[in-house]
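>>> with the sequence up front, the predicted model follows.
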There are 2 protein chains.
Amino acid sequence: MKIIEGNITNPKGFSAAGIHCGLKKEKKDMAIIVSDALCSAAGCFTTNTVKAAPVLYDMENVRNPIKAVAINSGNANACTGEQGLSDAEETADTLAGMLGCGGRNVLVASTGVIGVNLPMDTLKKGVCSCFEVLGKDRESGENAAEAIMTTDTFAKKVCCEINVGGKTVTLAGMAKGSGMINPNMATMLCFITTDAAVSSEVLQKALSDAVIDSFNMISVDGDMSTNDTVLALANGMAENEEIKAGTEDYDKFFEALFYINKALAIKCAKDGEGATKLIEAHVYNAASKKDARLLARSIVSSNLFKAAIFGSDANWGRALCAMGYSGGKFQPMKVSLSFVSEKGSILVMDKGRPIVFDEDIAKKILSEDKIIVEADAADGNAEATAWGCDLTYDYVKINGDYRS
Amino acid sequence: MKIIEGNITNPKGFSAAGIHCGLKKEKKDMAIIVSDALCSAAGCFTTNTVKAAPVLYDMENVRNPIKAVAINSGNANACTGEQGLSDAEETADTLAGMLGCGGRNVLVASTGVIGVNLPMDTLKKGVCSCFEVLGKDRESGENAAEAIMTTDTFAKKVCCEINVGGKTVTLAGMAKGSGMINPNMATMLCFITTDAAVSSEVLQKALSDAVIDSFNMISVDGDMSTNDTVLALANGMAENEEIKAGTEDYDKFFEALFYINKALAIKCAKDGEGATKLIEAHVYNAASKKDARLLARSIVSSNLFKAAIFGSDANWGRALCAMGYSGGKFQPMKVSLSFVSEKGSILVMDKGRPIVFDEDIAKKILSEDKIIVEADAADGNAEATAWGCDLTYDYVKINGDYRS
């Protein structure tokens, strides 16, 4: 696998656009992704009972051959009743009309404020404007990545190449995260393009497996969104022999897809609303994979621990406490805990016993912008990693008055 | 039931003390409760896998006849290994020695920092100092309520009287809350005294039932503590005929006990770390009691919704979103939502459809210090209420550097 600078327009046959149409005051708020050839598609969606209209629409249509995706930011089209559903459909139909395909061959996604109906005139004009500037160049892909942002502070893109039977297959992705992010489909929106030849079924299996240890292992604020969506489109234009499940090619493809998901998930955690630090919780020697995941996710989800990391306070008891209410099995009297950063590492609990440690050294280690918590459960040989961010004044500020 | 001004020394035969012994810099940090007669006792404890030493000690001894409780703040004696367990036992033995009872007739509780062993010399001196100033007067009870506080901004006390077969039975309680508060034994510490004659079994049944819709329905930050404890002591000195399960007397006693629990739980929610507002979520017409509880708790637990309430922002979509990931069953298309405060009420969602409402009126309603969210699930006839608080800059400040 070769990691390259690039974005969703790198895989063959994909074009994109991102523009400002007026859903937001000034920033870009409308993007489209279009493939020259019809794609196999796969999707993973929020498990929230309250699913936004575009999520319901995509769940119904993701098994169809897919030509394009229309994405808006600034309005989530969530909690918008029957009107919301017909607005999602109309958005798809509008883009389909321009592309000359069926409405059911276009997927849609929205992010932004909940509970306000989409201003459809503005949105449809936005779809037209996107269509007019559609391009395969690097800038077009970057514009799209910018247009799906809400409170994100940087655009999230990643790209890689693999060799499948002598053919170069490219995968790329873009995501937006920031708030309302929690395990179980953590990003709000993520779009993956690839020119691999792969069926919708095999792509779905790979995507579903890839999100488990990537998007489902990040948390910003414990709020699972109504709109969480990861879509993958594969148009087969790399002309590789079709990737089948259970083959070496599949393993190679899965590794690349997992890399894309994980890299984007970590970017989402790092760019959590108001975040100043990325927190990585690594639990190892756990009794089972399930326990390891529960324990790791609980650490990065604890408000108290996140606030302590903001203050560079080595309050490790809060990490252990969070493990305790995670639902994951472990034996507190066996656990060892360390904090690790670029400035070094420090053991704070050794096999259930608190260690008297140098607070100044701990503070120095915790003052870095990436903090790793290492938890040795001494109870088996499973491991898992979760990512989150610190809880800051700015999180409260951003969310205290999001709509104005 | 008559609500009266009072505290844990109001029920006959109970004395208390609260002093500063040096676990904290200046504030009171050590309290004891003593009963003239041995008590029937009952307890509800954290379900966290990581249970503090005093919790483990009390779980083992709460069925014994209980004479007294020793409580310290400033150090939670949690994550303290084997040493922590023997420290809890030694604390009980110290007080027992002064009272001339067995160590197993004394319960203990601790709250404060996690992962640091108790300074036993300081603590034992504290127990002695408490014993010296033990009193049945109002001030002694108030000192005890102050001594169990950590980041609480006010002492939490409540008292009431009922008539059981011609005898006046008094119940009183004190609690400390603030941070690390979440459904499933939400308060960190709560102590209830009563002069009722009631067996330990019946008292346990009443207490277990009373916490379900009180302490288990509040949330401050989603972090379930290692130390959460509710203890009830009944010394029988009211000389009422023993209260048996399934009788009218039991119902009366339960109502009073529930009142004590609920009033203290709401005080804990209102005084959540950094809180400026009490949030009450009332879900009604739900399919079942279980669903109603899950839905209500999820609303008051959402970081995003709590931050919106801090900013007086009528972002009701976040409440609906929180209901969506609660695990409680409901039909989003049927739900109606209103915000209510002393300044009036405003409907924001009507049977699944967003309502265009006056933002200025909403802002005025949400600027009060008690905000009620009314959620009509239109799906049955069960209801539940949960309490929480807003998420503020001060929560982050308090928890970013708790230990210094």
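Received it, and whenever you're ready, just let me know what you need.
>>> just checking, next helix/strand downstream of the lengthiest helix in chain A?
In chain A, ranked by residue count with DSSP state H as the criterion, the top helix is helix A:248-270. For helix A:248-270, the following helix or strand on the C-terminal side (DSSP states H and E) is strand A:278-286.
>>> strands paired with that next one, and their directions?
strand A:370-376 (parallel), strand A:382-389 (antiparallel) (DSSP bridges).
>>> enumerate every residue touching A:Lys334.
Residues near A:Lys334 by CB atoms under 8 Å, 6 or more residues apart in numbering or on different chains: A:351-352, A:377-379. In short, each C-beta sits where N, CA and C put it, glycine included.
>>> would you mind finding the most buried of the strands paired with strand A:278-286?
strand A:382-389 (a mean of 24; mean count of other CB atoms under 10 Å in any protein chain shown).
>>> CA atoms of whatever helix or strand comes next after that one as CSV?
For strand A:382-389, the following helix or strand on the C-terminal side (DSSP H and E) is helix A:393-400. Written as CSV, here are the backbone C-alpha positions of helix A:393-400 (Å, rounded to 0.1, in the frame of the first residue of the first chain):
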residue,chain,number,x,y,z
TYR,A,393,-14.0,25.8,27.0
ASP,A,394,-14.3,26.1,23.3
TYR,A,395,-16.5,22.9,23.1
VAL,A,396,-18.9,24.6,25.4
LYS,A,397,-18.7,27.9,23.5
ILE,A,398,-19.2,26.3,20.1
ASN,A,399,-22.2,24.3,21.3
GLY,A,400,-23.7,26.9,23.5
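>>> so which elements touch helix A:393-400?
helix B:303-310, helix B:393-400 (3 or more CB pairs under 8 Å, 6 or more residues apart in numbering or on different chains; DSSP states H and E).
>>> tilt between the last one and helix B:303-310?
Here helix B:393-400 runs at an angle of 130 degrees relative to helix B:303-310 (axes from the mean of the first three to the mean of the last three CA atoms, to 10 degrees).
>>> run through who's touching helix B:393-400.
A:303-304, A:307-308, A:310-311, A:313, A:391-393, A:395-397, B:151, B:179, B:221, B:272-275.
>>> who wins on neighbours among the contacts of A:Lys334?
Neighbour counts for the contacts of A:Lys334 (other CB atoms under 10 Å in any protein chain shown) peak at A:Ala377, which has 25 neighbours.
>>> what residues are bridge-paired with the closest residue in space to that one that isn't next to it in sequence?
Nearest-residue entry for A:Ala377: A:Ala286, 4.4 Å, with adjacent residues in sequence omitted and distances by CB to CB, 6 or more residues apart in numbering or on different chains. In this structure, A:Ala286 bridges to A:Ala382 when assessed by DSSP bridges.
>>> same check, this time on A:Ala17
Residues in a beta bridge with A:Ala17, per DSSP bridges, are A:Ile32.
>>> run through the residues that contact it.
By CB under 8 Å, 6+ apart, the neighbours of A:Ala17 are A:31-32, A:130-135, A:140, A:143-144.
>>> could you look up the SS state of A:Met333?
Using DSSP: H, G, I helix; E, B strand; the rest coil, the three-state assignment for A:Met333 comes out as helix.
>>> and the nearest residue to it once chain neighbours are set aside, what does it touch?
Computed as CB to CB, 6+ apart, the closest residue to A:Met333 that is not its neighbour in sequence is A:Gly352, at 3.7 Å. Residues near A:Gly352 by CB under 8 Å, 6+ apart: A:331-335, B:79, B:81.
>>> so which of those residues is the closest to A:Gly97?
When the contacts of A:Gly352 are compared for distance to A:Gly97 (CB to CB), A:Val335 wins out at 59.2 Å.
>>> ok, that closest one touching A:Gly317?
No - checked against CB atoms under 8 Å, the pair A:Val335 and A:Gly317 is beyond contact range at 11.4 Å.
>>> how many residues are close by A:Ala269?
A:Ala269, neighbours per other CB under 10 Å, totals 26.
>>> the closest residue to it other than its chain neighbours pairs with what?
Distance criterion CB to CB, 6+ apart; nearest residue to A:Ala269, sequence neighbours excluded, is A:Trp387 at 3.8 Å. Assessed by DSSP bridges, A:Trp387 has beta-bridge partners A:Ile218, A:Glu280.
>>> now, which of the contacts of A:Gly352 sits nearest A:Phe253?
Nearest to A:Phe253 among the contacts of A:Gly352, with distances taken as CB to CB, is A:Val335, at 37.2 Å.
>>> tell me the pLDDT of that closest one.
We have a pLDDT of 96 for A:Val335.
>>> check A:Ile181 too.
pLDDT for A:Ile181: 55.
>>> got it, and A:Gly97?
The model's pLDDT for A:Gly97 equals 97.
>>> show me what the helix or strand A:Glu89 falls within is packed against.
Following DSSP H and E, one finds A:Glu89 within helix A:81-99. Contact partners of helix A:81-99 among helices and strands, from 3+ CB pairs under 8 Å, 6+ apart: helix A:53-61, strand A:66-75, strand A:106-113, helix A:120-133, strand B:353-354.
>>> circling back to that earlier point, select only the buried ones of the contacts of A:Gly352 in PyMOL?
Remark: buried members of the contacts of A:Gly352, expressed as a PyMOL selection using 16 or more other CB atoms under 10 Å in any protein chain shown:
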select buried, (chain A and resi 332+335) or (chain B and resi 79+81)
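>>> and which of the contacts of A:Gly352 is nearest to A:Ala68?
Nearest to A:Ala68, judged by CB to CB, of those is A:Val335 at 49.8 Å.
>>> how far is the worst-scoring helix or strand of chain A on mean pLDDT from where the chain is centred?
In chain A, no helix or strand scores lower on mean pLDDT, DSSP states H and E than helix A:393-400, which sits at a mean of 80. Mean C-alpha position of helix A:393-400 versus that of the full chain (CA atoms, centre = their mean, to the nearest Å) differs by 21 Å.
>>> what's the answer for stretch A:92-106, then?
Centroid separation between stretch A:92-106 and its chain, computed with CA atoms, centre = their mean, is 26 Å.
>>> straight-line length of it, end to end?
This stretch, stretch A:92-106, spans 5 Å end to end (CA to CA, to the nearest Å).
>>> that one: which residues count as buried?
Those would be A:92-99, A:101, A:103-106, for stretch A:92-106 by 16+ other CB under 10 Å.
>>> between those residues, which is closest to chain B?
Nearest to chain B among those: A:Ala92, at 21.2 Å, using CB to the nearest CB.
>>> for chain B, what is the nearest residue in the stretch 301-404 of chain A?
In the stretch 301-404 of chain A, the residue that lies nearest chain B is A:Gly317 (2.6 Å; CB to the nearest CB).
>>> could you pull out the helices for the stretch 101-250 of chain A?
For the stretch 101-250 of chain A, the helices defined by DSSP state H, counting those that start in this stretch cover A:120-133, A:138-147, A:200-212, A:248-270.
>>> mind putting those helices into TSV with mean pLDDT?
Output for these, formatted as TSV (pLDDT from 0 to 100):
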stretch	mean pLDDT
helix A:120-133	97
helix A:138-147	98
helix A:200-212	97
helix A:248-270	96
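>>> wait, which of those helices is closest to A:Ala292?
Ranking these by proximity to A:Ala292 (CB to CB) places helix A:200-212 first, at 12.1 Å.
>>> what is the closest one packed up against?
strand A:30-45, strand A:229-234, helix A:248-270.
>>> and those, which is most packed in?
strand A:229-234 (a mean of 28).
>>> parallel or antiparallel, which strands does it pair with?
Partners of strand A:229-234 in its sheet, by DSSP bridges: strand A:30-45 (antiparallel), strand A:189-194 (parallel).
>>> any idea of the mean pLDDT for the shortest one?
Averaging pLDDT along strand A:189-194 gives 97.
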